[in-house]
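Engineer: predicted model and sequence below, questions to follow.
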Amino acid sequence: MTQGQYKGIEKHLPQQRGNVNMSNLQLINAIPYLTENGCKWRALPEAYGNWHTIYVWMNKWSKNSVLKRVLEVLQIKNITRN
C-alpha cells in the first residue's frame, strides 16, 4: 500500500501510543505479505519490522474489529471507483 492509499484509511486506525517503533503503514503492508506467501510469522522479512510486534498488533486489531473496519472502508472505496 502506498502512502497515498494509506491516507484514505489512516483515520480508521488506532493511534499508536508509547514506545512504538513501527508505523501502522508497515503493519498494514505486512499483513498481505503474510497471507499471499503463506509464510510463518518468524519468516516475515525484517523490512516489515519485528515479526512478534506485527503478530501482537494484528491480533489486537483483529479482536477490536479494526481489521474489519479497514477492510470495509477499502471495499467501499473500491466499489465507488468502479
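Structural biologist: On my side now, so go ahead.

Engineer: and for Ile31, the neighbour number?
Structural biologist: 18 (other C-beta atoms under 10 Å). Every C-beta, even on glycine, is put in place using the N, C-alpha and C of the backbone.

Engineer: Ser62 versus that one, what's the distance?
Structural biologist: Noted for Ile31: a distance of 10 Å to Ser62, by C-beta to C-beta, to the nearest Å.

Engineer: please, which helix or strand holds the most centrally placed residue in the chain?
Structural biologist: By C-alpha atoms, centre = their mean, the chain has its centre lying nearest to Ile28, at 2.0 Å. Element membership of Ile28 [criterion: DSSP states H and E] is helix 24-37.

Engineer: who are the packing partners of the helix or strand following that helix?
Structural biologist: Where DSSP H and E defines the elements, the next helix or strand beyond helix 24-37 is helix 51-63. Under the contact criterion of 3 or more C-beta pairs under 8 Å, 6 or more residues apart in numbering; DSSP states H and E, helix 51-63 touches helix 24-37, helix 66-81.

Engineer: okay, the first one in CSV with CA atoms only?
Structural biologist: As requested, C-alpha coordinates have been extracted for helix 24-37 and formatted as CSV (Å, rounded to 0.1, in the frame of the first residue of the first chain):
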residue,chain,number,x,y,z
ASN,A,24,0.6,1.5,11.1
LEU,A,25,1.5,1.5,7.4
GLN,A,26,4.3,-1.1,8.0
LEU,A,27,1.7,-3.3,9.7
ILE,A,28,-0.9,-2.8,7.0
ASN,A,29,1.8,-3.9,4.4
ALA,A,30,3.0,-6.9,6.4
ILE,A,31,-0.5,-8.5,6.6
PRO,A,32,-0.9,-9.1,2.8
TYR,A,33,2.6,-10.3,2.6
LEU,A,34,1.9,-13.0,5.2
THR,A,35,-1.4,-14.1,3.6
GLU,A,36,-0.1,-14.0,0.0
ASN,A,37,3.1,-16.0,0.8
